[in-house]
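In: Return a 3D structure for these sequence lines:
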Amino acid sequence: MIDKINTATDALMHFGITAPDTGIILGTGLGKLVDYIEIIQQIDYAEIPFFPISTVEFHKGQLIYGRLGNHMVMAMQGRFHYYEGYNLQQITFPIRVMKALGVKQLLVTNAAGAMNLTMKKGSLMLLNDHINLLPDNPLRGKHEPDFGPRFPDMSCPYSPAINNRLVELANKLGITLHQGVYIAVAGPNLETKAEYRYLRMIGGDAVGMSTVPEIIVANQIGIPAAAISVLTDECDPDNLVPAELNEILATAALAEEDLVRLIKAYLEK
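Out: Presented below is the predicted three-dimensional model:
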């Protein structure tokens, strides 16, 4: 793994990615932040050694390097998912490469279903904790001491400093920013009514198919991280209607304006 990380890192430095301080992962339907980056380099994942290829049609599969506000950012326009057939070590490989390149903080976005009925679709939820229901763990397997502790503490997986700043900025900008617990499931099917009841019963506010593996690895290797969900549908088991992908993407696109404003404001300081 270390050899692969070094090879990918060397390749990206050859492309001119030399001093990123902020890593960003853009989730489903959430690519417009790239429009505000002063792009220095734009690289297809296929050109990066050992990077997986994004197979989801609405994930572009590009690594963007440039300036946003006062930060040099390394943004993944499209992420990888367990349901695509990748293992969690592959999915989190880019986070380890970010660390090797010098990234000091990680901002993650995703699209998720709202199970907490006080949270409406089209709004944002800041993750303050999570429940991992994926059938694997990115830290499973041979341990590399250079990565950090074998048994990393997860009592506070999301950076309080970043979260507090995001809440402060959301209030100033008039953006509704809920806070809650995200549950990661394998997908790709959406949940049944009984599953939504169960997930809510065990403490979930929103459900999705990503993010948690990246956060686990970020905690192991010492990168402070925050994550924001765009709530694209309301998962009320007593009033459940079939979810259409086009509607989910349309809702994500509408909510993305607030997400972009919030992340831009954070990185301008």
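In: next one: the helix or strand containing residue 41 to chain centre, how far?
Out: Using DSSP states H and E, residue 41 sits within strand 38-44. Offset of strand 38-44 from its chain centre (CA atoms, centre = their mean, to the nearest Å): 19 Å.
In: I'd like the average pLDDT over it.
Out: For strand 38-44, the mean per-residue pLDDT is 95.
In: Any chance you could list what contacts that strand?
Out: Identification of contacts with strand 38-44 by CB atoms under 8 Å, 6 or more residues apart in numbering yields 12, 15, 16, 17, 61, 62, 63, 64, 65, 66, 67, 68. Quick note: C-beta positions are derived from backbone N, CA and C, even for glycine.
In: Just the C-alphas of it, formatted as CSV.
Out: Extracted as CSV, the C-alpha positions of strand 38-44 are listed here (Å, rounded to 0.1, in the frame of the first residue of the first chain):
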residue,chain,number,x,y,z
GLU,A,38,-9.1,28.8,-9.9
ILE,A,39,-8.0,25.6,-11.6
ILE,A,40,-4.3,24.9,-12.0
GLN,A,41,-4.6,21.3,-12.9
GLN,A,42,-7.4,18.9,-13.9
ILE,A,43,-6.7,15.2,-14.1
ASP,A,44,-8.8,12.2,-15.0
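In: so what does whichever helix or strand comes after that strand touch, helix or strand wise?
Out: Next helix or strand after strand 38-44 toward the C-terminus (DSSP H and E): strand 62-68. Helices and strands touching strand 62-68, by 3 or more CB pairs under 8 Å, 6 or more residues apart in numbering; DSSP states H and E, are strand 38-44, strand 71-77.
In: Single out the most deeply packed of these.
Out: Greatest average neighbour count among the helices and strands packed on strand 62-68 goes to strand 71-77 (a mean of 23), per mean count of other CB atoms under 10 Å.
In: Tell me the strands beside it, with direction?
Out: Strand 71-77 has the following strand partners under DSSP bridges: strand 22-26 (parallel), strand 62-68 (antiparallel).
In: Describe which strands the helix or strand hosting residue 111 pairs with in its sheet and in which direction.
Out: For residue 111, the element it lies in under DSSP H and E is strand 105-114. Sheet partners assigned to strand 105-114 using DSSP bridges are listed as strand 22-26 (parallel), strand 206-208 (antiparallel), strand 225-234 (parallel).
In: Of all those, which one is nearest residue 143?
Out: strand 225-234 (21.0 Å; CB to CB).
In: Just after the closest one, pick out the following helix or strand.
Out: helix 245-267.
In: That following helix - what's its average pLDDT?
Out: In this model, helix 245-267 has a mean pLDDT of 88.
In: could you dump the contacts of strand 38-44 to JSON lines with pLDDT?
Out: Output for the contacts of strand 38-44, formatted as JSON lines (pLDDT from 0 to 100):
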{"residue": "12", "pLDDT": "97"}
{"residue": "15", "pLDDT": "94"}
{"residue": "16", "pLDDT": "94"}
{"residue": "17", "pLDDT": "95"}
{"residue": "61", "pLDDT": "86"}
{"residue": "62", "pLDDT": "92"}
{"residue": "63", "pLDDT": "95"}
{"residue": "64", "pLDDT": "96"}
{"residue": "65", "pLDDT": "97"}
{"residue": "66", "pLDDT": "97"}
{"residue": "67", "pLDDT": "96"}
{"residue": "68", "pLDDT": "94"}
